[in-house]
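**Q** sequence unknown, structure follows:
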(Lines give C-alpha, C1' and ligand atoms only; values in the text may rest on other atoms or scores of the structure.)
Protein backbone atom coordinates (compact mmCIF):
# COMPACT_ATOMS: atom_id res chain seq x y z
CA UNK A 1 0.00 0.00 0.00
CA UNK A 2 1.35 3.43 -0.99
CA UNK A 3 2.03 5.93 1.79
CA UNK A 4 -0.34 8.86 2.05
CA UNK A 5 0.98 12.15 0.63
CA UNK A 6 -0.13 15.29 2.46
CA UNK A 7 -1.05 18.14 0.09
CA UNK A 8 -0.38 21.56 1.63
CA UNK A 9 -1.45 24.80 -0.06
CA UNK A 10 0.29 27.94 1.17
CA UNK A 11 -1.57 31.23 1.28
CA UNK A 12 0.36 34.53 1.22
CA UNK A 13 2.47 34.89 4.36
CA UNK A 14 2.41 31.18 5.22
CA UNK A 15 5.25 28.68 5.35
CA UNK A 16 5.60 24.95 5.94
CA UNK A 17 8.41 22.80 7.35
CA UNK A 18 8.17 19.02 7.37
CA UNK A 19 9.22 15.64 6.08
CA UNK A 20 9.15 13.52 2.98
CA UNK A 21 5.44 12.68 2.78
CA UNK A 22 4.48 16.25 1.88
CA UNK A 23 3.78 18.12 -1.34
CA UNK A 24 3.56 21.89 -0.92
CA UNK A 25 1.93 24.23 -3.45
CA UNK A 26 1.39 27.95 -3.85
CA UNK A 27 0.55 30.65 -6.39
CA UNK A 28 2.91 33.64 -6.62
CA UNK A 29 2.90 37.08 -8.20
CA UNK A 30 5.34 39.57 -6.70
CA UNK A 31 5.75 37.28 -3.69
CA UNK A 32 8.59 34.76 -3.49
CA UNK A 33 8.66 31.07 -2.63
CA UNK A 34 11.74 29.71 -0.92
CA UNK A 35 12.05 25.92 -1.21
CA UNK A 36 14.68 24.38 1.08
CA UNK A 37 15.43 20.64 1.12
CA UNK A 38 17.90 18.34 2.87
CA UNK A 39 18.67 15.52 0.40
CA UNK A 40 19.73 12.96 3.02
CA UNK A 41 17.07 13.54 5.67
CA UNK A 42 14.34 14.48 3.17
CA UNK A 43 13.15 17.37 5.31
CA UNK A 44 12.63 20.96 4.32
CA UNK A 45 10.26 23.79 3.85
CA UNK A 46 8.55 26.20 1.54
CA UNK A 47 7.43 29.78 2.05
CA UNK A 48 5.15 32.31 0.41
CA UNK A 49 6.73 35.64 1.41
CA UNK A 50 4.95 38.90 0.57
CA UNK A 51 7.53 41.56 1.43
CA UNK A 52 11.31 41.75 1.82
CA UNK A 53 11.33 42.87 5.46
CA UNK A 54 9.03 44.10 8.20
CA UNK A 55 10.51 47.58 8.27
CA UNK A 56 11.60 49.50 11.27
CA UNK A 57 8.63 51.59 12.37
CA UNK A 58 8.03 52.42 16.01
CA UNK A 59 5.84 49.95 17.90
CA UNK A 60 2.34 51.07 18.77
CA UNK A 61 1.19 51.30 22.38
CA UNK A 62 0.67 47.80 23.76
CA UNK A 63 2.76 46.08 21.06
CA UNK A 64 5.74 43.94 21.95
CA UNK A 65 9.04 45.49 20.98
CA UNK A 66 10.37 42.11 19.75
CA UNK A 67 7.67 40.72 17.46
CA UNK A 68 7.43 37.03 16.66
CA UNK A 69 9.07 36.06 13.38
CA UNK A 70 6.63 36.00 10.46
CA UNK A 71 6.49 34.09 7.19
CA UNK A 72 5.24 37.27 5.51
CA UNK A 73 8.77 38.66 5.25
CA UNK A 74 11.68 37.15 3.29
CA UNK A 75 14.33 37.87 5.93
CA UNK A 76 12.21 36.59 8.85
CA UNK A 77 11.02 33.47 7.05
CA UNK A 78 14.60 32.52 6.25
CA UNK A 79 15.41 32.95 9.96
CA UNK A 80 12.50 30.61 10.78
CA UNK A 81 13.94 28.03 8.37
CA UNK A 82 17.45 28.47 9.85
CA UNK A 83 16.01 27.72 13.30
CA UNK A 84 14.35 24.56 11.94
CA UNK A 85 17.69 23.48 10.45
CA UNK A 86 19.41 24.00 13.80
CA UNK A 87 16.62 22.08 15.57
CA UNK A 88 17.27 19.17 13.16
CA UNK A 89 21.00 19.32 13.94
CA UNK A 90 21.89 20.16 10.33
CA UNK A 91 24.07 22.75 8.62
CA UNK A 92 22.53 25.45 6.39
CA UNK A 93 24.96 24.66 3.60
CA UNK A 94 23.75 21.03 3.41
CA UNK A 95 20.38 22.13 2.02
CA UNK A 96 19.36 22.53 -1.59
CA UNK A 97 17.68 25.93 -2.09
CA UNK A 98 15.38 26.77 -4.99
CA UNK A 99 13.63 30.13 -5.29
CA UNK A 100 10.72 31.37 -7.38
CA UNK A 101 8.54 34.41 -7.94
CA UNK A 102 9.20 38.11 -7.60
CA UNK A 103 7.18 38.87 -10.71
CA UNK A 104 6.15 42.36 -11.71
CA UNK A 105 2.37 42.25 -11.41
CA UNK A 106 1.28 45.89 -11.31
CA UNK A 107 4.08 48.10 -12.69
CA UNK A 108 4.10 49.88 -9.30
CA UNK A 109 7.50 51.05 -8.14
CA UNK A 110 8.65 52.40 -4.79
CA UNK A 111 10.55 55.71 -4.45
CA UNK A 112 13.82 53.91 -5.32
CA UNK A 113 12.34 52.78 -8.64
CA UNK A 114 12.10 49.09 -7.64
CA UNK A 115 8.98 46.93 -7.68
CA UNK A 116 7.92 44.79 -4.71
CA UNK A 117 9.03 41.70 -6.63
CA UNK A 118 12.48 43.15 -7.27
CA UNK A 119 12.87 44.11 -3.60
CA UNK A 120 11.82 40.58 -2.55
CA UNK A 121 14.42 39.05 -4.88
CA UNK A 122 17.11 41.41 -3.62
CA UNK A 123 16.45 40.58 0.06
CA UNK A 124 16.47 36.86 -0.71
CA UNK A 125 19.84 37.15 -2.45
CA UNK A 126 21.33 39.29 0.34
CA UNK A 127 20.38 36.89 3.14
CA UNK A 128 21.43 33.74 1.27
CA UNK A 129 24.78 35.30 0.28
CA UNK A 130 25.39 36.43 3.87
CA UNK A 131 24.83 32.83 5.04
CA UNK A 132 26.97 31.36 2.21
CA UNK A 133 24.02 29.41 0.83
CA UNK A 134 23.97 28.78 -2.92
CA UNK A 135 20.80 28.89 -5.00
CA UNK A 136 20.52 25.58 -6.88
CA UNK A 137 17.63 26.63 -9.14
CA UNK A 138 15.52 29.71 -9.70
CA UNK A 139 12.77 31.18 -11.83
CA UNK A 140 12.36 34.77 -10.74
CA UNK A 141 11.44 38.22 -11.99
CA UNK A 142 9.69 39.00 -15.22
CA UNK A 143 5.97 39.59 -15.44
CA UNK A 144 3.06 37.39 -14.49
CA UNK A 145 2.37 34.74 -11.90
CA UNK A 146 3.73 31.30 -11.10
CA UNK A 147 2.26 28.10 -9.74
CA UNK A 148 4.90 26.28 -7.69
CA UNK A 149 4.81 22.67 -6.46
CA UNK A 150 7.51 21.28 -4.13
CA UNK A 151 7.81 17.55 -3.39
CA UNK A 152 9.68 16.88 -0.16
CA UNK A 153 10.34 13.18 -0.85
CA UNK A 154 12.69 14.00 -3.75
CA UNK A 155 13.29 17.78 -3.65
CA UNK A 156 11.70 18.38 -7.06
CA UNK A 157 10.06 21.73 -7.75
CA UNK A 158 7.62 22.27 -10.58
CA UNK A 159 6.85 25.75 -11.89
CA UNK A 160 4.20 26.94 -14.30
CA UNK A 161 4.72 30.57 -15.34
CA UNK A 162 1.92 32.61 -16.88
CA UNK A 163 3.21 35.80 -18.49
CA UNK A 164 0.89 38.80 -18.06
CA UNK A 165 1.03 39.62 -21.79
CA UNK A 166 -0.45 36.24 -22.71
CA UNK A 167 -3.10 36.47 -19.97
CA UNK A 168 -4.35 39.87 -21.08
CA UNK A 169 -4.16 39.06 -24.78
CA UNK A 170 -1.54 41.74 -25.40
CA UNK A 171 0.92 39.41 -27.03
CA UNK A 172 3.13 41.00 -29.63
CA UNK A 173 2.45 39.79 -33.11
CA UNK A 174 5.29 39.09 -35.48
CA UNK A 175 6.34 42.01 -37.64
CA UNK A 176 5.10 41.70 -41.23
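**A** Yep, that arrived. Computed from a predicted structure; not experimentally measured.
**Q** C-alpha only now, for contacts and for neighbours.
**A** OK.
**Q** Does the residue nearest the centre of the chain fall in a helix, a strand, or a coil region?
**A** With distances taken as Cα atoms, centre = their mean, residue 33 lies nearest the centre of the chain, 1.7 Å away. Following DSSP: H, G, I helix; E, B strand; the rest coil, the label given to residue 33 is strand.
**Q** Could you check how far it is from residue 129?
**A** From residue 33 over to residue 129 the distance is 17 Å, taken as Cα to Cα, to the nearest Å.
**Q** re earlier: which residues sit in contact with the residue nearest to the centre of the chain?
**A** For residue 33, the contacting residues are 46, 47, 48, 49, 99, 100, 101, 148, by Cα atoms under 8 Å, 6 or more residues apart in numbering.
**Q** and what of residue 121?
**A** 32, 52, 102, 140, 141.
**Q** Only the buried residues of stretch 73-87, if you could.
**A** 73, 74, 75, 76, 77, 78, 79, 80, 81, 82, 84, 85 (16 or more other Cα atoms under 10 Å).
**Q** from those residues, which two are the most distant?
**A** 73 and 85 (18.4 Å; Cα to Cα).
**Q** which intervals of the chain have sub-threshold pLDDT?
**A** Where the chain drops to pLDDT under 70, the residues are 1-2, 56-66, 106-111, 164-176.
**Q** Wait, a strand at residue 80?
**A** No: under three-state DSSP, residue 80 sits outside any strand and is assigned helix.
**Q** any idea how far residue 95 is from residue 121?
**A** Taking Cα to Cα, one finds residue 121 at 19 Å from residue 95.
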